[in-house]
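Asks: no sequence for this one, just the structure:
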């Protein structure tokens, strides 16, 4: 009997240490990734210093590198995605919580969530073969003539690939995340508050504008941070669609590149040259830092507000 | 608040309501259009040859993707064999041992960061630490990279599922003299079976559609993957490589592979959804 107890105690300890080891592994992986990225980008950091961040050079042959076009492409594509997806998901969340009967809202909610399950490379292939030609023919020309006074909307459009189309696909990809967070936020607003507002005769839109959005604004902002983090690091879809040009241009309908698309495209070539490799690792480090910051901001913001992520 | 006539208020309300109905319909339409497009482009490629032949050199007709299907299955299997136990054990730690400890907080914090790391970063990390020393591509390294994507998903669902089980269950088991490890495995795991299974299925669905971590690790091959420690054929890299080729037959194969991957991932997701709503 005692020997069996002893055996159980040893087993219990072994089991506990296995779980501690696995938990520790998570911390170790995150630290190892940051250290590895930093150490490998040292050659590039020494060579270019901070000017790397705003230099528009990109010439692997002459070993001149700058991150400006990648950072610009990443930020603009993400910005376009957010601009499109936030109002879109807001009205869908409104439909799911305030307008539709649960028997309709539930399947519609599932369908929107399924958009998150489609792999990134499928969005990429669909985007480049089907959406880009459609954009070039039906969406971009009217936008260009509508905003003829804005220089960033001008420029010759070739085939529809470019920063704008990449942003549109990113918008579809983050739509399910934003929608589900906004739906949760709207559902958290106390029913008494809503019902008393409806009771005095306000309309659904007035309840949304004056109660749901002000009450849920922190949750909505946290959700936007979270989706920003996802959109910024998105690789395959963007690599297919953005055109992968390193010539810096402010024009959003032009071909461009993002940090992640540059990594996907140039890594095979750059791995043999220590400086080029350093440049790519530094780009990775910048991307990693941005996503970590986004993650932290959304985490603390949502935690303060009590929304589950 | 601005004063508006009741009519304006009603009209604005109607406009917003219609917009929100249109947006919901548009959301569903986008999903259906993508599925429809991939289906009709991909279905032509899928036939007997598609499943029974290996890839052929560029321009040679009649190639299939048998090797890539096998490669994807093997890479996903290896990553699951690593990711599921590690993720579950870490989740057990967070829920059962380190729920309110300082170390638990640090791990939970790293877990959130790990979840947000872009998959391409995980790819270049594994390239840097394993592929450079190895000197050649490796399906195993690809599987390691995928398991890093899997671990936080599984850890998070395990922790959440175990936290849902009532403490009375733990206490009555321990009071009967069952050792803690046995209580966790045979009582907690069993009572949250469907939740854990859902987490695993979703994680498998997620990694089986991943491409970015494989570009520099498992890379790509047109041969049968005899040795998983070399460049390993897989479906997503086949799509990535074939989609940009000048030969129509290769682009068609890419569409076929895209349909296969999308179908499998959506099916896994729907099954997991079904388990959630019908499991106990």
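Replies: Yes, it's here. Keep in mind it's a predicted model, so treat the numbers as computed, not measured.
Asks: quick one, what contacts the residue nearest to the spatial centre of chain B?
Replies: Centroid check for chain B by CA atoms, centre = their mean gives residue B:206 as the closest residue, at 1.0 Å. Residues near residue B:206 by CB atoms under 8 Å, 6 or more residues apart in numbering or on different chains: B:149-150, B:153, B:265. For the C-beta atoms, the positions are set from N, CA and C on the backbone; glycine is no exception.
Asks: and those residues, which of them are in helices?
Replies: B:149-150, B:153, B:265 (DSSP state H).
Asks: quick one: secondary structure of the residue nearest to the centre of chain B?
Replies: Local secondary structure at residue B:206 is given as helix here, using DSSP: H, G, I helix; E, B strand; the rest coil.
Asks: quick one on the thing from earlier: near chain A, which of the contacts of residue B:206 show up?
Replies: Of the residues in the contacts of residue B:206, proximity to chain A by CB under 8 Å from any CB of the partner chain holds for residue B:265.
Asks: which one among the contacts of residue B:206 gets closest to residue A:10?
Replies: Set against residue A:10, the nearest of those by CB to CB is residue B:150 (30.3 Å).
Asks: need the longest helix for the chain.
Replies: Since no chain was named, I'll use chain A. Chain A, longest helix under DSSP H: helix A:2-48.
Asks: nope, chain B
Replies: Of all the segments of type helix in chain B, defined by DSSP H, the longest one is helix B:6-42.
Asks: the residue nearest to residue B:141 when sequence neighbours are not counted in helix, strand or coil?
Replies: Excluding the flanking residues, the one nearest residue B:141 by CB to CB, 6 or more residues apart in numbering or on different chains is residue B:217, at 4.3 Å. Secondary structure, three-state DSSP: residue B:217 is coil.
Asks: for residue A:173, same thing?
Replies: Three-state call for residue A:173 (three-state DSSP): helix.
Asks: distance check, residue B:39 against residue B:53.
Replies: Separation of residue B:39 from residue B:53 (CB to CB, to the nearest Å): 22 Å.
Asks: tell me which residues touch residue B:89, please.
Replies: The neighbourhood of residue B:89, defined by CB under 8 Å, 6+ apart, consists of A:18-19, A:21-23.
Asks: could you do residue A:227 as well?
Replies: A:81-82, A:85, A:174, A:177-178, A:181.
Asks: give me the pLDDT value at it.
Replies: In this model, residue A:227 is scored at 89, pLDDT.
Asks: same question for residue A:18.
Replies: On pLDDT, residue A:18 comes in at 96.
Asks: which residue, other than its chain neighbours, is closest to it?
Replies: With CB to CB, 6+ apart as the criterion, residue A:18 has its nearest non-adjacent residue at 5.6 Å, and that residue is residue B:89.
Asks: any idea which element that neighbour lies in?
Replies: Counting by DSSP states H and E, the element that carries residue B:89 is helix B:66-92.
Asks: by proximity to chain A, which residue of the stretch 151-280 of chain B wins?
Replies: At 2.7 Å from chain A, residue B:209 is the closest residue in the stretch 151-280 of chain B, using CB to the nearest CB.
Asks: contacting residues for that residue?
Replies: So residue B:209 contacts A:118-122, B:236, B:261-262, B:265 (CB under 8 Å, 6+ apart).
Asks: mind doing that once more with 6 Å?
Replies: Residues near residue B:209 by CB atoms under 6 Å, 6 or more residues apart in numbering or on different chains: A:119, B:261, B:265.
Asks: and which of the residues you listed is nearest residue A:35?
Replies: Nearest member of those to residue A:35, counting by CB to CB, is residue A:119, at 29.9 Å.
Asks: just give the nearest non-adjacent residue to that closest one, would you?
Replies: Of all residues not flanking residue A:119 in the chain, residue B:209 sits nearest, at 2.7 Å (CB to CB, 6+ apart).
Asks: that older thread, neighbour-wise, which of the ones in helices among the contacts of residue B:206 leads?
Replies: Taking other CB atoms under 10 Å in any protein chain shown as the neighbour criterion, residue B:150 ranks highest of the ones in helices among the contacts of residue B:206 with 27 neighbours.
Asks: residue B:205 is in contact with that residue, correct?
Replies: No: look at residue B:150 against residue B:205 with CB atoms under 6 Å: they stay out of range, at 10.5 Å.
Asks: can you pull the contacts of the residue in the stretch 51-200 of chain B positioned nearest to chain A?
Replies: Residue nearest to chain A within the stretch 51-200 of chain B: residue B:118 (2.6 Å; CB to the nearest CB). Counting by CB under 6 Å, 6+ apart, residue B:118 touches A:233, A:291.
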